[in-house]
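Q: could you look at this predicted model? Sequence included:
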Amino acid sequence: MAQSAALERGVISPVLETDESENPEALSKEDIERLGRQRPESLATAYAEIGFVFAVVASMMMSEYFVSGFNIVLPQIADALRIPDSERTWPAGVINLTTAALLLPFARMCDRYGARIVFISGHIWLFTWSLISGFSRNPLMLIICRAMQGVGNGAYLPAGLALLGQTYRPGPRKNLMYGLYGACAVIGFYIGIILGAVAGELLDWRWYFWIGTILVFIVIVTGFLTIPRSLGDGNPSISPDWLGIVTVVPGLVLVVYALTDGGHAPDGWRTPYIYVTFIVGGLLLCAFTYIEGWVSPEPLLPAEMFHAKYMKRLVGSLFCSFGVFGVYLFYASYYVETVLDRSPLETAAWFTPLCVGGLCLALIGGFVMHLLPGRVLLLISAVGYIISVLLFALIPEQTGPDAPSLTSLYWSYVFPAMLCSTIGVDIMFNVTNVFITTSMPRRLQATAAGVINSLLYLGMAFWLGVAELAVSTAVDQHEGELSLRQQYQIGFWLGVGLAGVAMCLTVTIRIGEAAAELTADEKAKLNQENGQQ
């Protein structure tokens, strides 16, 4: 009792004298608030924290770098390697496919072997295959290298979020770190576009991969030196859910493959291998659902993940919202470069507000997430998604005497669309990251990270496949008479509808402020002690 009273008066520091995870009831409200703002004990100095945070957030940048920039440099690669138009989708999209399919299995590996080991190993794998990609001699070699890059992404993405979740307590400091993490997704996307344009116009396309290889090496060294070794401890008693792995991985691959390639197959969805792969993939995903719910003793997706309030609706909203962002990025970049006839470097310059907006939101988000209710932030995000695709869908045609100038069109449509897109994805990503990881105990941090990133990549891959299918179907119905602008508008209008669905789900979610509080483990221990008393 005396120690508890001293703690309340601030005489004894709970960081130095007590282990808050072992004695959560000894912490006063002031102690919890202070712990939510101070540097974690595992990061001994400010330099150690800077290095740790840089390694984790830079990993997200590299993931986006190898997705966005490739679309810019793809025309030069296609010419050099003689890739037919019908096959250009695969080297661009296969990295997302392998990443999405392997996130959950690698999240389980984080639990078994430790997030630090998986994080560094994933980057070493990405480094190796990025280097090899630059030496590609034919389309098949390039596609294989891109798929192998996705394996590295699938490993380090859930590990990176797990490292943040295990290191930072709920509170303003954690909010700021997750804000930086989300902003770096947009920054990495922008850097990828810039360096892809530079490689395509001023250098050789191979330098796009080799520059990325150098950047990944920096992340490896920084992570090895600054990530605390205590975060590398896993639980060897955890066994892999092999039944879940052998059903979910091929199931996701087959379904996304059918959606992505259905619009380019000889007879569309009537092509036998398209509907067969879709059906088989769907059956495997149904089997995965049954195995996870009723068969596996240690499922990849524990039921406990969905016990948190609003979790199921939040998952649905994320799946749709990230799909909107994927559709927006793909069609916006092609619209600017082809319909508006901008060069790769000009296209990159037009995407500048996306990067600057992400940085601003990162700085602001860390200071307001513990002040504004999460439901308000999620609604702002949903509005941002809708406006971003709606503005591109309404851009007037650039023909005729009354057509607006490019300058007018940029400031009236493109600029606000770029700002709204970063408002949509950054706020949604940051709020849900904080909410989901805060709601989960330490042992489920990697799994929660795997779910979040799975929704990101699956949402982008799935709904982009649906958009491509819708566009190809419309082109067939009009016997190829649709212009590029009309084709892209179909994608944008699909994004508007999808954003509307996400909005409907979002308004039912009522999340409070991301304030300093006890961790999920401390709450569980406190409830257990109160129950025993």
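A: Done, it's in.
Q: where do the strands sit along the stretch 201-350 of the chain?
A: Counting by DSSP state E, counting those that start in this stretch, the stretch 201-350 of the chain has no strands at all.
Q: got it, and the stretch 51-200 of the chain?
A: For the stretch 51-200 of the chain, no strands are identified by DSSP E, counting those that start in this stretch.
Q: which stretches of it have low pLDDT?
A: Applying pLDDT under 70 to the stretch 51-200 of the chain flags residues 85-89.
Q: where do the helices sit along it?
A: Listed in chain order, the helices of the stretch 51-200 of the chain (DSSP state H, counting those that start in this stretch) span 89-113, 115-133, 139-167, 172-201.
Q: same question for the stretch 201-350 of the chain.
A: For the stretch 201-350 of the chain, the helices defined by DSSP H, counting those that start in this stretch occupy 206-226, 242-261, 272-290, 311-334, 344-350.
Q: now do the first one: everything it contacts.
A: By Cβ atoms under 8 Å, 6 or more residues apart in numbering, the list of residues contacting helix 206-226 from outside reads 48, 51-52, 54-56, 58-59, 61-62, 65-66, 69-70, 73, 116, 119-120, 123-124, 126-127, 130-131, 133-135, 195-196, 199-200. Bear in mind the C-beta positions are built from the backbone N, C-alpha and C, glycine included.
Q: separation between the residue nearest to A449 when sequence neighbours are not counted and Y335?
A: Spatial nearest neighbour of A449, chain neighbours left out: L161 (3.2 Å); criterion: Cβ to Cβ, 6 or more residues apart in numbering. The span separating L161 from Y335 equals 32 Å under the rule Cβ to Cβ, to the nearest Å.
Q: check V255 too.
A: Taken as Cβ to Cβ, the span from V255 to Y335 is 27 Å.
Q: with A197 instead?
A: Distance from A197 to Y335, by Cβ to Cβ: 16 Å.
Q: what do you get for I117?
A: 42 Å.
Q: cool, L482 as well?
A: According to Cβ to Cβ, L482 stands 14 Å off from Y335.
Q: likewise V466?
A: Going from V466 to Y335 by Cβ to Cβ gives 18 Å.
Q: the two: which has the busier surroundings?
A: Applying other Cβ atoms under 10 Å to V466 and Y335 shows that Y335 carries more neighbours, namely 22 against 19.
Q: who touches the residue nearest to A449 in this structure?
A: When contacts are counted by Cβ under 8 Å, 6+ apart, L161 touches 181, 433, 437, 445-446, 448-449, 452-453.
Q: which of those fall within helices?
A: Mapping those onto helices (DSSP state H) picks out 181, 433, 437, 445-446, 448-449, 452-453.
Q: helix, strand or coil: sort out R37 for me.
A: Three-state assignment for R37 (DSSP: H, G, I helix; E, B strand; the rest coil): coil.
Q: my guess is it contacts P170. True?
A: No - applying Cβ atoms under 8 Å, one finds R37 not in contact with P170, separated by 11.0 Å.
Q: more neighbours: which of the two?
A: Between R37 and P170, counted using other Cβ under 10 Å, the more crowded position is P170 (25 against 14).
Q: wait, the more buried one sits on S439?
A: No - applying Cβ under 8 Å as the test, P170 and S439 come out as separate, 9.7 Å apart.
Q: what is in contact with these two at once?
A: Counting by Cβ under 8 Å, 6+ apart, nothing touches both P170 and S439.
Q: so what's the residue count around the residue lying closest to A303 once chain neighbours are set aside?
A: Counting by Cβ to Cβ, 6+ apart, G293 is the residue found nearest to A303 once chain neighbours are left out, at 7.2 Å. Using other Cβ under 10 Å, G293 has 11 other residues around it.
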